[in-house]
Structures are given as structure tokens and as C-alpha cells.
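Chemist: dropping the sequence and predicted coords here.
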Amino acid sequence: MQERPILSVKNLSTHFNMAEGVVKAVQDVSFDLHRDDVLGIVGETGSGKSVTVKSVAGMTDSPGFIAGGEILFFTDEFSKTGEKEYIDLVKLPKESFSKVRGKHIGMIFQDPMTSLDPMYTIGNQMIETIVHHKKVTEEEARERSIRLLEQVGIPKPSERINDYPFQLSGGQRQRVVIAIALSCDPEILVADEPSTALDVTVQAQILELMKDLQEQFNSSMIFITHDLAVIAEIATKISVMYGSYQMEMADSMEIFENPMNPYTFALLECIPRLDIKQDQLLPIPGQPPIMLNPPNLCPFLPRCSRATDRCYKELPRLEQLKDNHFVRCWNPITNRVLLVKEAQE
Ligand SMILES: Nc1ncnc2c1ncn2[C@@H]1O[C@H](COP(=O)(O)OP(=O)(O)OP(=O)(O)O)[C@@H](O)[C@H]1O
């Protein structure tokens, strides 16, 4: 029997109340995260990836709010018996959330400077986080920080710990942020496009580091990217988002081999292939969806070549069509080979 998920997100919706109307940024998102899972969330810009993970980490500030759903986290943090139990993070008061974020959920964002304070040395910032969440002395926290800096590949860590963020390169700053995120042994690491702001060679090093550390620290991870090649490298399962909804979710290989949602299929068709000479990426025809007061229909409908009458009447739910393979579509692709043949003719 598979062990219980440490995080179970059920039908999460996060909206923003704006003067012009309601921006429905995330709608009906559900997933389970088990120990060792690396969930990759992929989708084009504005599809709701960041808002999903910010909701999980309790970082949706006004005008954003959780409009529905549950975020169940398996923890003994608030338990009276010492036994682990599911806590609904949606119902947790803001003050209690800071006990979860940092200690149980480590966050890594695109730009390291959003996480680092330029006024303090990296040592101060690491030690403060560790002392705040773990019952250790400052000296123990310093030793742990030096060890962590070494693990993330900062040379001469006992000297560099006294550096200010500006004294480090962009790649090194991101390594420090990763060290801080790992400093309290979180069960879940959340990485929101952690390498996008860095140059290409550093990007590859950071990705490699993330993969190694996730295995070493035995934590589960939610990894956001708009880059399918990156997700293929790192994720064990993938959730494809489009226009605030999950269109498809399955194990990584399964998504690449048997995409069933027409949007996933279109997205995969846009990946440049090494075996065929292509002068440019193939864009998906049509316009991206509008998130302000959207109709209650599939967001891909205006761009979908497989739309049926039903698609214009009802929003499909995310249904399990195979083992661990969930699809939101009234007319899913069940025979990819046939479809590829038809497209070639
Ligand atoms: N603070 C906010 N106020 C209003 N709307 C917001 C806010 N933050 C996000 N949104 C809207 O929510 C939607 C989803 O945004 P989100 O940042 O989750 O997208 P994303 O998939 O992470 O995109 P990207 O890859 O560009 O980061 C977008 O339409 C965005 O404009």
C-alpha cells in the first residue's frame, strides 16, 4: 500500500478581487504529494503556477484570497498527541503559518534577491532562520550553516558565511537561497522557476544541484517551470496548467508518451526536435485565455481543434482516465499514434 501523501491539495481555487472584476487565477486544482515526489507544474505565463504554490505556502495577500478547496498537510506541528495529523492550511491563522513555512515548506524563488536581505550577511540570515525554527544554539546554527553552504557548493564556506549578498554572484546567491530553504530539513521544497533569472550555464548547474539535494535530503518537491525540457529532467510527475486549470496530470514519462489533453499535445508539439531541422518554435494558434471574469468552460476551447458541442456547454472535470493519469477534457486523445498519422497526412 502506498504511504499517505504529506500534502493533499483538493479543489483549490484562488482569486483576486480587482476593480474590473474577479481574476480567477487558480481554479479547481488538486494533487497529492508523497515523500520523494517531484511534482513539476508546467504551463505558459499567467496559467496560475505561481499562485498555486503561493497558496500552498500561505502567501496569497489581499486582494488575493483562497476562494475554495483544502490544502491538507500531514504534520505533528500542532498535534496535542504527538501523532501526525492532517491540518487544513487554508484554515490556519496567519501567525501559525510562519511555523509551517520555513520549517516544513522551504521556498526558492526565481530571483534570489527577493529572499535575501541585502543589509545582512548570509550567515546572519541563515543562523536566524535555523535558530527561529529549531531548538539549537547560535553556535550550532553557525556550524550547520557552514555545512549547508558546503553542500550547495559554496567554496570556502567558513569565510563566505560573512559575505553580504552583493559580494556573491547570481548563481552563488541562488545557492545560498537553496541552503536557507533546506536549513530546517523541510518535508517539502517549493521551487518557482529557480534558474530562470540566471545565465544558461549557471541554470544547468542549479538544476543539477536541486536534483542532487532533493535526493540527498529526501524531501519532496514542487517545481514550477514553463520549460518542458527542464521538467523532463527533474519531475517524477507533471501537472500541466492552462488558464487557471489543471489540464492534465500524470507520471512524467506518461505525459510525454501519451498526452491525452489537446493542450498538452499542442505544447509538446512546440518542443524543438533535434532530429528534424526546424527554423522556429511552432506557436499554438489563437490567443491565450483571459482570466478576468472567465466563462465557466474549458479555457483551451477557443484554440482547440478537437472541441465538440459539449465543450461549449459544460466545463469538464479533471477525471482519472488511467492509473495516475488525470485529464480535463470532453474529447481526450486516446490514440496518439492515429492522431500523429492524421496530422502528417
Ligand atoms: N497580485 C495579483 N493581483 C492580481 N492578479 C494577479 C496577482 N498575482 C497573479 N495574478 C494573476 O493571476 C494569474 C496567474 O498568475 P501566476 O503568477 O500564477 O502565473 P504563472 O503561471 O506563474 O506565470 P509566470 O510563468 O509568468 O510566472 C495571472 O492572470 C496573473 O495576472
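Modeler: That came through, no problem.

Chemist: could you verify that residue 302 is part of a helix?
Modeler: Yes. Assessed with DSSP: H, G, I helix; E, B strand; the rest coil, residue 302 lies in a helix.

Chemist: state the distance from it to the ligand.
Modeler: The spacing between residue 302 and the ligand, counted by CB to the nearest ligand atom, to the nearest Å, is 16 Å. The C-beta positions use only the backbone N, C-alpha and C, and glycine is treated the same way.

Chemist: how many neighbours does that residue have?
Modeler: 15 (other CB atoms under 10 Å).

Chemist: ok, now residue 213?
Modeler: Residue 213 has 21 nearby residues by other CB under 10 Å.

Chemist: for it, give its distance to the ligand.
Modeler: From residue 213 to the ligand the distance is 23 Å (CB to the nearest ligand atom).

Chemist: and that residue, what helix or strand is that in?
Modeler: Using DSSP states H and E, residue 213 sits in helix 200-217.

Chemist: spit out the contact partners of the residue of the stretch 101-250 of the chain found nearest the ligand.
Modeler: In the stretch 101-250 of the chain, the residue that lies nearest the ligand is residue 226 (5.1 Å; CB to the nearest ligand atom). By CB atoms under 8 Å, 6 or more residues apart in numbering, residue 226 lies in contact with 42, 43, 44, 45, 49, 193.

Chemist: okay, it: pLDDT?
Modeler: The model reports residue 226 with a pLDDT of 83.

Chemist: state the distance from it to residue 270.
Modeler: According to CB to CB, to the nearest Å, residue 226 and residue 270 sit 11 Å apart.

Chemist: verify the contact between residue 78 and residue 96 for me.
Modeler: Yes. Assessed by CB atoms under 8 Å, residue 78 is found in contact with residue 96 at 7.0 Å.

Chemist: flag every buried residue along stretch 316-330.
Modeler: 316, 318, 321, 325, 326, 327, 328, 329, 330 (16 or more other CB atoms under 10 Å).

Chemist: so which of those are in strands?
Modeler: Mapping those onto strands (DSSP state E) picks out 318, 321, 325, 326, 327, 328.

Chemist: so what's the third one closest to, chain neighbours aside?
Modeler: Ranked by CB to CB, 6 or more residues apart in numbering and with sequence neighbours excluded, the top spatial neighbour of residue 325 is residue 250, at 4.0 Å.

Chemist: next: the second one.
Modeler: Here the nearest residue to residue 321 in space, its sequence neighbours aside, is residue 327; by CB to CB, 6+ apart that works out to 5.1 Å.

Chemist: which bits of the stretch 151-300 of the chain sit near the ligand?
Modeler: 226, 291 (CB under 6 Å from any ligand atom).

Chemist: poorly predicted segments of the stretch 151-300 of the chain, please.
Modeler: Residue ranges of the stretch 151-300 of the chain with pLDDT under 70: 271-283.

Chemist: next up, the contacts around residue 315.
Modeler: So residue 315 contacts 296, 297, 298 (CB under 8 Å, 6+ apart).

Chemist: could I get those residues as CSV with secondary structure and neighbour count?
Modeler: Converted to CSV, the contacts of residue 315 look like this (DSSP: H, G, I helix; E, B strand; the rest coil; neighbours: other CB atoms under 10 Å):
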residue, secondary structure, neighbour count
296, coil, 8
297, coil, 15
298, coil, 27
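
Chemist: closest to residue 107 among those?
Modeler: Ranked by distance to residue 107 (CB to CB), those are led by residue 298 at 31.3 Å.

Chemist: that closest one reaches residue 308, doesn't it?
Modeler: No. The pair residue 298 and residue 308 does not pass the contact test of CB under 8 Å, sitting 10.6 Å apart.

Chemist: are there residues contacting both of those two? Which ones?
Modeler: Shared contacts of residue 298 and residue 308 (CB under 8 Å, 6+ apart): residue 330.

Chemist: secondary structure element for the closest residue to the ligand within the stretch 51-200 of the chain?
Modeler: Nearest to the ligand, among the residues of the stretch 51-200 of the chain, is residue 51, at 3.5 Å (CB to the nearest ligand atom). Per DSSP H and E, residue 51 falls inside helix 49-56.

Chemist: tell me which residues in that helix are buried?
Modeler: 49, 50, 51, 52, 53, 54, 55, 56.

Chemist: in CSV, list the ones in strands among the buried residues of stretch 316-330 along with pLDDT and distance to the ligand.
Modeler: Putting these into CSV (pLDDT from 0 to 100; distance: CB to the nearest ligand atom, whole Å) gives the following:
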residue, pLDDT, distance to the ligand
318, 97, 17
321, 94, 24
325, 96, 22
326, 97, 19
327, 97, 20
328, 97, 16
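
Chemist: a markdown table for those, including distance to residue 34?
Modeler: Shown next, in a markdown table, are those (distance: CB to CB, whole Å):
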| residue | distance to residue 34 |
| --- | --- |
| 318 | 18 |
| 321 | 21 |
| 325 | 16 |
| 326 | 15 |
| 327 | 21 |
| 328 | 22 |
